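Peer 1: Predicted coordinates and the sequence they were generated for:
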Amino acid sequence: MNILITGANGFIGKKLVTSLANQHNVICMSRSCHPYKKAAAYVQGSFDSIVDLRALDIHEIDAVIHLAAVTGGCTEEEGLAVNVMGTRRLYRYLLDRGCKKFVTASSIAAVGGLDDDFIPLKLPIQANHPCLATDAYGLSKALVEELTRYFQRVNPDTDFINLRFGAVANEDWLPPLIEKDKRMAVPFIVLGHVYASDVVEAIVRVVEAPIKSGVRNFNLVGPDISSTIPAREILSSILGAHYDLDYYKLPGNEYKPLYVMDDFIAEFGYEPRRSTRRPAE
C-alpha cells in the first residue's frame, strides 16, 4: 500500500515508519527534517496547511495514519484550529483524491480523563464512551471522532478507525508506585498506560486489515491496570464505595484495564502484550 503518516518524525511516527517501510510505500509528512532512508517519500510541512498538502499531489495514497496533533495542555484555539479544523482539511484533501482508509490517533482523554475529578459513566470504559471532557485537548479528540462519522456518512465506502490510545510510554518506562489513600492527579490517565511497542504493532494490524466500511472506535491501553494495587481497591479510593465495581471482583479481573478492548482484540487478533503494572520489589 501507499501509506501516508502524519507526525512521522514524532515518538510513535519514527517507530511506525521503521515497522512499515519494508512492506509498504510510506510517505512521511512532518514539520521537521527528513530522518528516514527507507521511506518512499517525504514531505516537510504541516497537515493543516492546504499549501503544504499540495506537495502530496504527486503521490497516490491508499491509507493515512494520522498521528500529528497538538497535545494535552493546548488552548481551545490550538485544539480546535489544529486538531479539528486541521484534520478536516487533511481528510477532505485525501477523500477528494480517493483515499479510503483513515486511521486516526485519538486518546483516552476524549472521555474526560484529563480532569482530576472525572468520573466515567460505567467501568470498564467503553470505546464509545461519550465525551465529558473539560479540557480543550480531550474535547478536540472527541470532535475529530465526530468528524470521521460525518465524513463516513458522506462517503459510505470509506473506513475510519479511531484508536483511543492510553498514555504512551517508552520501552524503558517504569510504572509509578501507586498509593491507595493518596490523591492521584488524572487517575484515569495514570492508570491507563500502554507501551509504544504495543501501539506500533496495533497500528500495523489496523492499517493492513482489509477495508471495512464504517467508523469504529477502539481503546488501546496496556493489558492490565498500571497499579500493583488491585483495580477494585484503587478505584474505590478514587470513586467511593457506592460506585459499581463488580466487574473487578470477578476472578481473573483483579488487574484488568479500565478500558474495554474486547472488540479490538476480536477484530484484529492482537492484544497488547507488555504489562504496565509495576513489578514487585
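Peer 2: That came through fine.
Peer 1: Provide a list of residues in contact with Met1.
Peer 2: Listed by Cβ atoms under 8 Å, 6 or more residues apart in numbering, the contact set of Met1 reads His24, Asn25, Asp62, Ala63, Val207, Glu208. In this view, the C-beta of every residue, glycine as well, is placed from N, C-alpha and C.
Peer 1: Looking at those, which are in helices?
Peer 2: Among the contacts of Met1, the ones falling in helices (DSSP state H) are Val207, Glu208.
Peer 1: how far away is the closest residue to Ala209 other than its chain neighbours from Arg274?
Peer 2: Once flanking residues are discounted, Ala209 sits nearest to Phe268: 6.2 Å by Cβ to Cβ, 6 or more residues apart in numbering. Separation of Phe268 from Arg274 (Cβ to Cβ, to the nearest Å) stands at 17 Å.
Peer 1: For the helix or strand encompassing Tyr91, give the mean pLDDT please.
Peer 2: Using DSSP states H and E, Tyr91 falls within helix 87-96. Taken as a whole, helix 87-96 carries a mean pLDDT of 98.
Peer 1: and that helix, what other elements does it pack with?
Peer 2: Packing partners of helix 87-96 (3 or more Cβ pairs under 8 Å, 6 or more residues apart in numbering; DSSP states H and E): helix 50-53, strand 63-66, strand 101-107, helix 136-154.
Peer 1: make it 10 Å
Peer 2: strand 2-6, helix 50-53, strand 63-66, strand 101-107, helix 136-154 (3 or more Cβ pairs under 10 Å, 6 or more residues apart in numbering; DSSP states H and E).
Peer 1: where does the stretch 51-200 of the chain dip in pLDDT?
Peer 2: In the prediction, the stretch 51-200 of the chain carries no residues with pLDDT under 70.
Peer 1: And the strands in this protein, which stretches?
Peer 2: According to DSSP state E, the chain carries its strands in the segments 2-6, 25-30, 41-44, 63-66, 101-107, 159-165, 167-169, 193-195, 214-220.
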